[in-house]
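Engineer: here is a sequence with its predicted model. Questions after.
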Amino acid sequence: MKPGTRDAANLHDMLEAAREAYDLACSTQADTFLRDRVLQRALERMLELVGASARRVTVKFQASHPEIEWRGIIGQRNILAHEYGRIKHALLFQTAKENVPGLISALEKILEDK
């Protein structure tokens, strides 16, 4: 993958949104987050952007990087974008704190190797 490719641009977008989501989750207590609709919407949007960018990564590239949970990330984006009533904010917050750091590490490694 050359640095200027579409996949690289989408990976950078994923990484930026993932970092923002993690920063928000780490700077907020869970109880505060669960009472603050603005923070909830902000985290929803950040994770939606991660998924939207993941969806634009080519299938070939996705297949070559199984360390990224592409299907789960894209599926979460679809729920965030289309099924507002199904969003469980406690799980979203937990995802940002527990799963996003691994995604950030994987994306950084992919991008530095390219």
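Structural biologist: Ah, there it is.

Engineer: gap between the most centrally placed residue in the chain and Thr32?
Structural biologist: Geometric centre of the chain, nearest residue: Val50, 3.5 Å, by Cα atoms, centre = their mean. Distance of Val50 to Thr32, computed by Cβ to Cβ, to the nearest Å: 22 Å. Glycine gets a C-beta too; all of them are placed from N, C-alpha and C.

Engineer: let's see the pLDDT reported for the residue nearest to the centre of the chain.
Structural biologist: Model confidence at Val50, expressed as pLDDT, equals 98.

Engineer: now do the one 4 residues further on
Structural biologist: Looking at Ala54, its pLDDT stands at 98.

Engineer: now do Lys114
Structural biologist: Taking Lys114 on its own, its pLDDT is 65.

Engineer: next up, phi/psi of the residue nearest to the centre of the chain, please.
Structural biologist: The phi and psi values for Val50, taken as degrees, to the nearest 10, are phi -60, psi -50.

Engineer: I figured it hits Ile73, correct?
Structural biologist: Yes - with contact defined as Cβ atoms under 8 Å, Val50 reaches Ile73; the gap is 6.1 Å.

Engineer: any common contacting residues for these two?
Structural biologist: Shared contacts of Val50 and Ile73, defined by Cβ atoms under 8 Å, 6 or more residues apart in numbering, comprise Leu103.

Engineer: follow-up on the earlier one: how about the contacts made by the residue nearest to the centre of the chain?
Structural biologist: Contacts for Val50 were tallied using Cβ under 8 Å, 6+ apart; they are Met14, Ala17, Ala18, Ala21, Ile73, Arg77, Val100, Leu103.

Engineer: okay then, goodbye and thanks.
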